[in-house]
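Visitor: one predicted model, sequence on top.
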Amino acid sequence: MMKVKNFIYLFLFISLFSCTKKLDTGYFTMDMPYGWSYEPGNGTDSFVGTITTSSGTISFDYSTMGYASSLIATEQQYLTDEKNWSSSTCYFCDPDVTYVPKEKLEAETKRLMQQQAIKGALPIKVEANIEYTKKIRVPDDKWRRYYPGADYIADLKYKDSTIYVPIRIPQSIKSHNIRLDTTQQYIIKTIWPQTATEGKTGVYIKSRTSQLNFNMVGDGLSEGDQEKALKAFKTITLKK
């Protein structure tokens, strides 16, 4: 009889700390652990709110206009967007030349010539934007001596000239696990710190057919809350 009672107590104890309750905000549903509480917020163009856990808060942003942050970029996303690591707005450019898109070259040249004729200004040289090739590679020992600390080297080539740009991946990316998943409807990014309590735990969901996107993220969550959050993220269902 004592063994049966002990088993019942153990079952109730496990159930108390492992069970979840259904959260339905009207915009999305999620299986939320017992002990966590939900509070809607006041968003201007989005539906926002917070969830309070035992170790912190998790905020969310549901936007039909694509305003929800995509959280931390993956390493590939960081490398793809040259604005992240480029220190120049125009490699290979001549400072005495005005560069315009190729399809606007003729019209812009005529406009500037007319402007010069009216104002008597000095001639302005106009050319199409420079299009150079880009190759990003991992540096070997030789290149690491030239660029210590570089995670990648970008080889930028135009005609007979080559510029080498060292790239350092931000610590915020290096210190997080970042996983990308896709479904027929959504692109899903899940992030969590490599060391619990030292980073962001979150999920970003983007529609593949509309501007709808959503994020939910907490900062500095305990290891237990991080584990619960990652499980809860998998149960999120967005309502359109």
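Guide: Alright, I've got the coordinates.
Visitor: wait, isn't Ala68 in contact with Tyr204?
Guide: Yes: using Cβ atoms under 8 Å, Ala68 makes contact with Tyr204 at a distance of 7.1 Å. All C-beta atoms are positioned from the backbone trio N, CA, C, and that covers glycine.
Visitor: give me the common contacts of these two.
Guide: Shared contacts of Ala68 and Tyr204, defined by Cβ atoms under 8 Å, 6 or more residues apart in numbering, comprise 213-215.
Visitor: now do the strand or helix carrying Ile173: everything it contacts.
Guide: Under the criterion of DSSP states H and E, Ile173 resides in helix 171-174. For helix 171-174, the surrounding residues in contact (Cβ under 8 Å, 6+ apart) are 72-75, 78, 199.
Visitor: which SSE is immediately downstream of it?
Guide: Scanning forward in sequence from helix 171-174 by DSSP H and E, the next helix or strand is strand 176-182.
Visitor: what pairs with that next one, parallel or antiparallel?
Guide: Next to strand 176-182 in the sheet, as set by DSSP bridges, lie strand 186-193 (antiparallel).
Visitor: buried ones in the strand it pairs with, by neighbour count?
Guide: For strand 186-193, burial by neighbour count (16 or more other Cβ atoms under 10 Å) applies to 186, 188-193.
Visitor: how about stretch 128-138?
Guide: Of the residues in stretch 128-138, those scored as buried under the neighbour-count criterion (16+ other Cβ under 10 Å) are Ile136.
Visitor: what is the end-to-end distance of it?
Guide: Terminal residues of stretch 128-138 are spaced 32 Å apart (Cα to Cα, to the nearest Å).
Visitor: just how off-centre is it within its chain?
Guide: Computed by Cα atoms, centre = their mean, to the nearest Å, the chain-centroid distance of stretch 128-138 equals 23 Å.
Visitor: name the next helix or strand downstream of the worst-scoring helix or strand of the chain on mean pLDDT, please.
Guide: Ranking every helix and strand in the chain by mean pLDDT, DSSP states H and E puts helix 2-18 at the bottom, with a mean of 52. Remark: after helix 2-18, the chain's next helix or strand is strand 20-24, criterion DSSP H and E.
Visitor: what's in contact with that following strand?
Guide: If you take Cβ under 8 Å, 6+ apart as the criterion, strand 20-24 is touched by 29-34, 38, 51, 232, 235.
Visitor: what about the closest residue to Leu23 other than its chain neighbours, which helix or strand?
Guide: Counting by Cβ to Cβ, 6 or more residues apart in numbering, the nearest residue to Leu23 once its immediate chain neighbours are dropped is Met32, at 4.3 Å. Here Met32 sits within strand 28-33, counting by DSSP H and E.
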